[in-house]
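Novice: Give me a model of this one.
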Amino acid sequence: MADLSVSLNRLQLPNPILVASGTFGYAREATAFIDFKRLGGIVPKTVTPLPRAGNPPPRTVETSCGMLNSIGLDNDGIEAFFEKHYEYLTGLGCPIIINVAGHDPDEFVALAERIDGYPKLAGVELNISCPNVSGGVDFASKPELTHKVVSMFRQACRLPVTAKLTPNVTNVVEIAAAAAEAGADAVTLINTLLGMAINWRKRKPILGNVVGGLSGPAIKPVALRIVHQVAQNVDIPIIGVGGIQCLDDVMEFLVAGASAVQIGTASFYNPGLAERLVNELNETLDGEGISSVRDITRTLQLPGKPATCATPVS
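Specialist: Residues are numbered from 1 along each chain as shown. Got it, this is the predicted structure:
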């Protein structure tokens, strides 16, 4: 069987198939559908320092090839996470990467200091790019803000850190470079695309927050393009996310430059997909005579250029 293990600098994963924050709850919801031990990792829904009520309803809208969501980081806060979910999650037998968001750099530092005392966590994903919450989660809009938050968090927390970046900017590459320079172990590409839905008969927006984040198959081409661009220009491991719903999608992200992937919207209508993809990935690599998943990462051959070799980052 092929070796599926991946190394994202300090973050070690048994395989590259994870489930994305906000689409898998705190894992309890999927107990009947999946063997958690088979996953490369679970990223629970975003946690903030204090409880958040989230955005007004309606919060979701189905689109032609995906969905819009405007949840607004509804959660019970970091203390409730450790009281209600930490022991359960860290007992599931797969890496748990907590996803956190703060309103300002000081809140991120406070979160870092709080999390640092819980070594059962495999790592931290910084949500600095949520598109439907005003203030505090738009740090990934500018390189200097990204650098500041990542750097301050790294100094206050010993766990591996990934930065989840937004596509809603002019140049994602320079922001990924800032995250790498600040000490991020990896970047997660991409968060949702900003969008909206309208009821024209009522002349009103459908979402209670007016705008929301577009996810699902519709955004996969954008996510692939950004993963490729960052892989070509920044020496940092990438976790690819955006519209993955089958093994071919996974392979496209790996070839484009991702070392791991996250399954998001697809888990809503196919909650067992992530485990199935682990099995299919093993079968596909064996069938192609590829001994390690690391050997296929960043192997995209561009027109007019010689074939490249895999360049796994460790």
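Novice: May I see the buried residues of stretch 232-241?
Specialist: 234, 236-241 (16 or more other Cβ atoms under 10 Å). For the C-beta atoms, the positions are set from N, CA and C on the backbone; glycine is no exception.
Novice: how about the nearest residue to residue 50 once chain neighbours are set aside, what does it touch?
Specialist: Nearest residue to residue 50 in three dimensions, chain neighbours excluded: residue 77, at 4.9 Å (Cβ to Cβ, 6 or more residues apart in numbering). Taking Cβ atoms under 8 Å, 6 or more residues apart in numbering, we find residue 77 in contact with 47-52.
Novice: hmm, 7 Å instead?
Specialist: Residue 77 makes contact with 47-51, according to Cβ atoms under 7 Å, 6 or more residues apart in numbering.
Novice: got it, and residue 219?
Specialist: The contact partners of residue 219, by Cβ under 7 Å, 6+ apart, come to 66, 193, 242-243.
Novice: Of those residues - the most surrounded one?
Specialist: residue 242 (32 neighbours; other Cβ atoms under 10 Å).
Novice: And that one, how close does it get to residue 282?
Specialist: 23 Å (Cβ to Cβ, to the nearest Å).
Novice: any chance you could map the helices in the stretch 1-150 of the chain?
Specialist: 78-84, 86-90, 105-115, 143-156 (DSSP state H, counting those that start in this stretch).
Novice: what's next to the third one, contact-wise?
Specialist: Right, the one you point to is helix 105-115. The contact list for helix 105-115 (Cβ under 7 Å, 6+ apart) reads 49, 78, 98, 100, 102, 121, 124, 148-149, 152-153, 156-157, 159.
Novice: where does this protein have low pLDDT?
Specialist: Counting by pLDDT under 70, the chain shows low-confidence ranges at 132, 134-137, 306-314.
Novice: Among the buried residues of stretch 232-241, which one lies nearest to residue 141?
Specialist: residue 234 (17.3 Å; Cβ to Cβ).
Novice: give the contact list for the closest one.
Specialist: Contacts of residue 234 by Cβ under 7 Å, 6+ apart are 173, 176-177, 180.
Novice: If you rank those residues by neighbours, which is first?
Specialist: Neighbour max across those (other Cβ under 10 Å) = residue 176, 27 neighbours.
Novice: Can I take it that that one is in a helix?
Specialist: Yes: counting by DSSP: H, G, I helix; E, B strand; the rest coil, residue 176 is part of a helix.
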